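> Below: sequence and its predicted model.
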Amino acid sequence: MGFDLKARLDERRARHRYRQPQVMDAPSGRTTRVDGRALLNFCSNDYLGLANDAQVIAAFQDAANHWGVGSGASHLVCGHQRPHQELEEALAAHTGRPRALLFSTGYMANLGALTALVGPGDAVFQDRLNHASLLDAGLLSGARSRRFAHNDAEALAGQLARSPAPRKLVVTDGVFSMDGDQAPLADYLDACEAEDAWLMVDDAHGLGVLDGQGRGTLFAQGVNDRVPVYMGTLGKGLGTAGAFVAGSEDLIETLIQFARTYIYTTAMPAAVAAATLVSLEKARRESWRRDKLAALITRFRRGVAALGYELMASDTPIQPILIGGDGDALALSRVLAERGLRVTAIRPPTVPEGQARLRVTLSAAHEEADVDLLLDALEAAKCPS
Ligand code: PMP
């Protein structure tokens, strides 16, 4: 057998699934620069336009001057710095929970939370479109993993009722990263409460974006008090990096004792925490960012629908255009790049077979004219002249 890496790579290339990072020579903001060309950027998750905000950058620089660059060790070895502590307190207050705990990435927060909460003999129930980090976390936990049809509360209720496991944890994205739609949380909570199960929501794409104060999907859907485990990331709507889990005193103490991705890794730089304190406050107060985003979303959806492209049922800044074939999605992405627009083609295994798409993401950093340029390019790509 041996390791025939080349054959494996060649096969991936032949299936139009080869992925490579492109090198940007400018920040990933409203525009960016690749291969010497300026591109309008429609693939960042910086939904509120905070990643390149002058006040957030200044907070980062000031904190780096004061606290240095590296945090030095994990949270528990030396202790974490004052900005980490203040950010945990601010995130707990923002999400309406007694405590919050920082993780260095969202991937690690999910691995840490699931492995700390369930193990062999328990059961985890996942939406089949959940983010890869949740699916991996379920496997790593050793609990029995079950997947239910996307956003199907009835299917979930049936699986929960049939499960003999002593502890049942239901896990879902709040806003689905590749589809942009929201999970039906009230229905899930009814199912969970009937079976004594817990619900954990990964709100990577809802935090900052949904609800009048950017408190995320749970507030937008009016269910915050009923969800025991909330996970949010800082690298998307809040424009920095890292993640947190928020919940009860006992939940957070449990994670501190048992979440290995919290215990055995270096804490994020204090400057990232300090910058996030500022971006969180801006996300909360500057509701014009969400208002602007909502107007851009409406403009884009109207325009794309009029062109006859297939959109998904999303009212969030994630506005994928469903294409189908991998090669077709790649080709459209390249045509847009030639016209100065950066929109990534998302292909399996990130999305199901036959559902390759252009994942358009909108940001408060965009202007109406930017959306119009994208619409013009999509129109031209439809009817080559
Ligand atoms: N959950 C979801 C739903 C995500 O989309 C992502 C990021 N793509 C993550 C978790 C992981 O977060 P991070 O990038 O901070 O590791």
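Done, it's in.
> So which residues of the stretch 201-350 of the chain form helices?
Per DSSP state H, counting those that start in this stretch, the stretch 201-350 of the chain carries helices over the ranges 217-220, 249-258, 260-263, 270-285, 288-307, 326-338.
> Could I get these in CSV, plus columns for mean neighbour count, mean pLDDT and distance to His94?
No exception for glycine: its C-beta is placed from N, CA and C like everyone else's. Below are the helices of the stretch 201-350 of the chain laid out as CSV (neighbours: other CB atoms under 10 Å; pLDDT from 0 to 100; distance: least, CB to CB, whole Å):
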stretch, mean neighbour count, mean pLDDT, distance to His94
helix 217-220, 24, 98, 10
helix 249-258, 16, 98, 15
helix 260-263, 19, 98, 20
helix 270-285, 23, 98, 6
helix 288-307, 17, 97, 15
helix 326-338, 18, 94, 36
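> Export those to JSON lines and append columns for distance to Gln182.
Output for the helices of the stretch 201-350 of the chain, formatted as JSON lines (distance: least, CB to CB, whole Å):
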{"stretch": "helix 217-220", "distance to Gln182": "6"}
{"stretch": "helix 249-258", "distance to Gln182": "23"}
{"stretch": "helix 260-263", "distance to Gln182": "27"}
{"stretch": "helix 270-285", "distance to Gln182": "18"}
{"stretch": "helix 288-307", "distance to Gln182": "14"}
{"stretch": "helix 326-338", "distance to Gln182": "24"}
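> The ones you listed: which one's closest to Gly237?
Each of the helices of the stretch 201-350 of the chain was scored for nearness to Gly237 using CB to CB, and the closest is helix 270-285 (6.3 Å).
> chain center to the closest one, what's the gap?
The chain centre lies 18 Å from the centre of helix 270-285; the measure is CA atoms, centre = their mean, to the nearest Å.
> which residues are contacting it?
48, 50, 53, 55-57, 59-64, 67-69, 71, 80-84, 86-87, 90-91, 94, 102, 208, 213-215, 234, 237-242, 289 (CB atoms under 8 Å, 6 or more residues apart in numbering).
> Are any of the residues you listed buried, and if so which?
Listed as buried from these are 48, 50, 53, 56-57, 59-60, 63-64, 67, 71, 80-81, 83-84, 87, 90-91, 94, 102, 208, 214-215, 234, 237-242, 289; burial here means 16 or more other CB atoms under 10 Å.
> coming back round to it: from the contacts of helix 270-285, which ones fall inside strands?
In this view, the contacts of helix 270-285 that belong to strands under DSSP state E are Leu102.
> Confirm that Leu39 lies within a strand, as I assumed.
Yes: assessed with DSSP: H, G, I helix; E, B strand; the rest coil, Leu39 lies in a strand.
> and Met200, helix, strand or coil?
Under three-state DSSP, Met200 falls in the strand class.
> From the structure, what's the count of residues near it?
If you count neighbours by other CB atoms under 10 Å, Met200 ends up with 25.
> Just give the nearest non-adjacent residue to it, would you?
Val229 (3.7 Å; CB to CB, 6 or more residues apart in numbering).
> Quick check: the gap between that neighbour and Ala137.
12 Å (CB to CB, to the nearest Å).
> so what sits against both of the two?
Ala113.
> Show me which of these two is the more surrounded one.
Ala137 (30 against 22).
> you'd agree Phe219 is up against Asp211?
Yes: contact criterion CB atoms under 8 Å: Phe219 and Asp211 qualify, at 3.9 Å.
> Name the residues linked to Ala100 by a beta bridge.
Using DSSP bridges, the bridge partners assigned to Ala100 are Ala246.
> wait, what's in contact with it?
Neighbour list for Ala100: 88-89, 91-92, 244-246, 252 [criterion: CB under 8 Å, 6+ apart].
> give me that answer again for 6 Å
88, 91-92, 244, 246 (CB atoms under 6 Å, 6 or more residues apart in numbering).
> how close does the closest residue to Gly70 other than its chain neighbours get to the ligand?
Nearest residue to Gly70 in three dimensions, chain neighbours excluded: Pro269, at 6.4 Å (CB to CB, 6+ apart). Counting by CB to the nearest ligand atom, to the nearest Å, the gap from Pro269 to the ligand is 15 Å.
> And Pro269, how far from Val69?
On the measure of CB to CB, Pro269 and Val69 end up 6 Å apart.
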